[in-house]
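Asker: Sequence and predicted structure are below.
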Amino acid sequence: GVILQSMAETNPADAFAILQKLPLDERTPELFGQILSQWSRVDPAAATNAALSLPLGQDRSRALEDVADAWAKADPAAALAWVETLPTGSVSDSAFSNALGELVQKDPEAAEKYLPSLPNDDARNQMQGQIVQALAKSDPASAVNYLAQISDSKTLNDAIQTIAATWAQNDRGAALAWAQSLPTDLGDARNNAIGGVMDNWIKADPAAAANYVAAHFSDENFAGKAADTASALAASNPQAALNWVANLPTGANHDGAVGAVLNVVANSNPQTAWNDATQLLDGKSLDNALDSIADTWTQQAPMDALPMIMAMPEGDARAEAVEKLTSALVVHDSLATSEWVNTLPAGPSHDAAVASLISAEGKNDPATAFNWATTVGENDSHRQPLLSQTLDVLAAKDPVAAYSAVQAANLTDAERQSLLVIIQKHEPTP
């Protein structure tokens, strides 16, 4: 096989002739394909005739497909003309599709004439998208003109985004001007086109993109890119990014941009990120930022994060942070963590910590886990699931101990009855 492959590089006809004389078990479809593909690069017509000379069957079909693929790469127009001479079937369909795909890339305008011969609207829409993509790479203006030929709305919207993103790689200013000139009734298509150009700009030159976003912040198409811009700036200069977001007009986009910078800062200095969040944000945006920073901080250094988290006012944000903190602490010292949780006053943070503790350690000591569950506040949504979950594990191991635990626990009558039902499922059948 190696010898024939080497021979095929200079004399594929002889290599093919020798291959046909080999024993059947050595004449593999892969070897036929390699030789014929090599032959197709220098004489596709001869390679085609050679493939057609093979006996009917799967090997012949595969050989024809290999020839068609190689021919399509070298001369897609000629390959298409040859495909039209083949009888209909899977080979001709595959060869036609491959050759047409190659022609679209090399000569999209020539490929357009084959649109009517495609089998259905989906195939035609797909090819129009490919034509736009090919035109946009070489001549964006022609791609824009071609949009008038597209009737399917989804294909049109996708084509607009393709032109914007492709054009932006070579001429960002022209691409942005075109995207902004699109009719506003195009809705998402126009917005996504502008967004695609901005994505390219943010990636290539975040500082210049930041200046443009700040100058056009009244337009949601640009204000909505503030968070992405801030992240890109912060990747190289977190302080410059913080200075930039601090000067943006207040609102949801400002807060999103601040949060994006703080996420980057938190990876290297969560304390700084925490301090900046309290200065730049408030309300729900502050809660979200602190929760994200706490997530990073507790993974890096939970003991350092503890005093800052516990200094937060009681509420959902603090409870979420405490839950993450408990998960991080219990990995290092489960006993010390459980003792710390027992010191927490009743409230959402205590209940969240108990839930985290049970999740980590409950299966190791179900009796203790059940006792933890009973300390969760009666109005907390964690309480009933935790009681049921921990008792189920305990009852599976020791129904008698589970019964005693339920009788001794501080429970409502309804809770006690529902838990006794769980125990009954684990009692041995008489």
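Answerer: Sure, I can see it.
Asker: List the buried residues in the host helix or strand of T296.
Answerer: Counting by DSSP states H and E, the element that carries T296 is helix 283-300. Residues 285-298 are the ones in helix 283-300 that count as buried (16 or more other Cβ atoms under 10 Å). C-beta: built from backbone N, CA, C; applies to glycine.
Asker: swap in stretch 239-248?
Answerer: Neighbour-count burial for stretch 239-248 flags 241-242, 244-245, 248 (criterion: 16+ other Cβ under 10 Å).
Asker: next one: stretch 367-380
Answerer: 367-370, 372-376, 380.
Asker: show me where the stretch 1-150 of the chain has helices.
Answerer: Counting by DSSP state H, counting those that start in this stretch, the stretch 1-150 of the chain has helices at residues 2-8, 12-21, 29-42, 44-52, 58-74, 76-83, 90-106, 108-111, 121-138, 140-146.
Asker: Contacts for the shortest one, please.
Answerer: Contacts made with helix 108-111 from outside it, assessed by Cβ atoms under 8 Å, 6 or more residues apart in numbering, are listed as 77, 100, 103-104, 127, 130-131, 134-135, 142.
Asker: Surely D392 touches L419?
Answerer: No. Using Cβ atoms under 8 Å as the test, D392 is too far from L419 to be in contact (9.1 Å).
Asker: Which one of these two is surrounded by more residues?
Answerer: The residue with more neighbours, out of D392 and L419, is L419; 25 against 17, by other Cβ atoms under 10 Å.
Asker: ok, now how distant is that one from P366?
Answerer: 13 Å (Cβ to Cβ, to the nearest Å).
Asker: And for A336?
Answerer: As for A336, its distance to P366 is 21 Å (criterion: Cβ to Cβ).
Asker: now do N342
Answerer: Distance, N342 to P366, by Cβ to Cβ: 18 Å.
Asker: For these two, indicate the residue with more neighbours.
Answerer: Ranked by neighbour count (other Cβ under 10 Å), N342 and P366 place P366 first, with 24 against 13.
Asker: pLDDT weak spots in this protein?
Answerer: Within the chain, the set of residues satisfying pLDDT under 70 comprises 1, 56-59, 90-91, 428-430.
Asker: one more time with 90
Answerer: Applying pLDDT under 90 to the chain flags residues 1-107, 109-119, 123, 186-187, 315-317, 332, 360-364, 378-382, 425-430.
Asker: Neighbours of V331, how many?
Answerer: For V331, using other Cβ under 10 Å, the count is 11.
Asker: try the one 5 residues further on
Answerer: Counted by other Cβ under 10 Å, the residues lying close to A336 total 11.
Asker: same thing with the one 5 residues further on?
Answerer: By the criterion of other Cβ under 10 Å, V341 has 21 neighbours.
Asker: picking that back up, any chance of CSV for the contacts of helix 108-111, columns distance to A47 and neighbour count?
Answerer: CSV is the format used below for these (distance: Cβ to Cβ, whole Å; neighbours: other Cβ atoms under 10 Å):
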residue, distance to A47, neighbour count
A77, 17, 15
L100, 20, 22
L103, 19, 24
V104, 23, 24
M127, 27, 21
Q130, 27, 19
I131, 29, 23
A134, 27, 22
L135, 31, 24
S142, 34, 15
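Asker: Nearest residue to D158 in space, please, no chain neighbours.
Answerer: Spatially, and ignoring its direct neighbours in sequence, D158 is nearest to G129 (5.8 Å; Cβ to Cβ, 6 or more residues apart in numbering).
Asker: Over to P12?
Answerer: Computed as Cβ to Cβ, 6+ apart, the closest residue to P12 that is not its neighbour in sequence is W39, at 3.5 Å.
Asker: Just give the nearest non-adjacent residue to M198, would you?
Answerer: M198 sits nearest to K225 (Cβ to Cβ, 6+ apart), 4.8 Å away.
Asker: for that neighbour, what are its contacts?
Answerer: Listed by Cβ under 8 Å, 6+ apart, the contact set of K225 reads 195, 198-199, 202, 209, 213.
Asker: Output the helix or strand just after the helix holding T296 as PDB, restricted to C-alpha atoms.
Answerer: Moving toward the C-terminus from helix 283-300, the first helix or strand encountered (DSSP H and E) is helix 302-310. Output of helix 302-310 as PDB, limited to C-alpha atoms (Å, rounded to 0.1, in the frame of the first residue of the first chain):
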ATOM      1  CA  PRO A 302     -12.900  30.700  52.600                       C
ATOM      2  CA  MET A 303     -11.500  31.900  56.000                       C
ATOM      3  CA  ASP A 304     -10.600  35.200  54.500                       C
ATOM      4  CA  ALA A 305     -14.100  35.600  53.000                       C
ATOM      5  CA  LEU A 306     -15.900  34.600  56.300                       C
ATOM      6  CA  PRO A 307     -15.700  38.000  58.100                       C
ATOM      7  CA  MET A 308     -16.800  39.900  55.000                       C
ATOM      8  CA  ILE A 309     -19.700  37.600  54.300                       C
ATOM      9  CA  MET A 310     -20.900  37.600  57.900                       C
END
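Asker: Helix 302-310 packs against which elements?
Answerer: On a contact count with 3 or more Cβ pairs under 8 Å, 6 or more residues apart in numbering; DSSP states H and E, helix 302-310 meets helix 270-280, helix 283-300, helix 316-332.
Asker: Next up, phi/psi of A346, please.
Answerer: phi -60, psi 140 (degrees, to the nearest 10).
Asker: Count the residues that sit near it.
Answerer: Neighbour count for A346, taken as other Cβ under 10 Å: 11.
Asker: Contacts only, for the nearest residue to it once chain neighbours are set aside.
Answerer: Closest residue to A346 apart from its sequence neighbours, by Cβ to Cβ, 6+ apart: G377 at 5.9 Å. Residues in contact with G377 (Cβ under 8 Å, 6+ apart) are 346-348, 350-351, 383.
Asker: Then A95?
Answerer: By Cβ under 8 Å, 6+ apart, the neighbours of A95 are 64-65, 68-69, 72, 79, 83, 86.
Asker: Turn those into JSON lines, columns for distance to N275 and neighbour count.
Answerer: Formatted as JSON lines, the contacts of A95 follow (distance: Cβ to Cβ, whole Å; neighbours: other Cβ under 10 Å):
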{"residue": "L64", "distance to N275": "70", "neighbour count": "23"}
{"residue": "E65", "distance to N275": "65", "neighbour count": "19"}
{"residue": "A68", "distance to N275": "66", "neighbour count": "29"}
{"residue": "D69", "distance to N275": "61", "neighbour count": "19"}
{"residue": "A72", "distance to N275": "62", "neighbour count": "27"}
{"residue": "A79", "distance to N275": "66", "neighbour count": "27"}
{"residue": "V83", "distance to N275": "68", "neighbour count": "22"}
{"residue": "L86", "distance to N275": "72", "neighbour count": "16"}
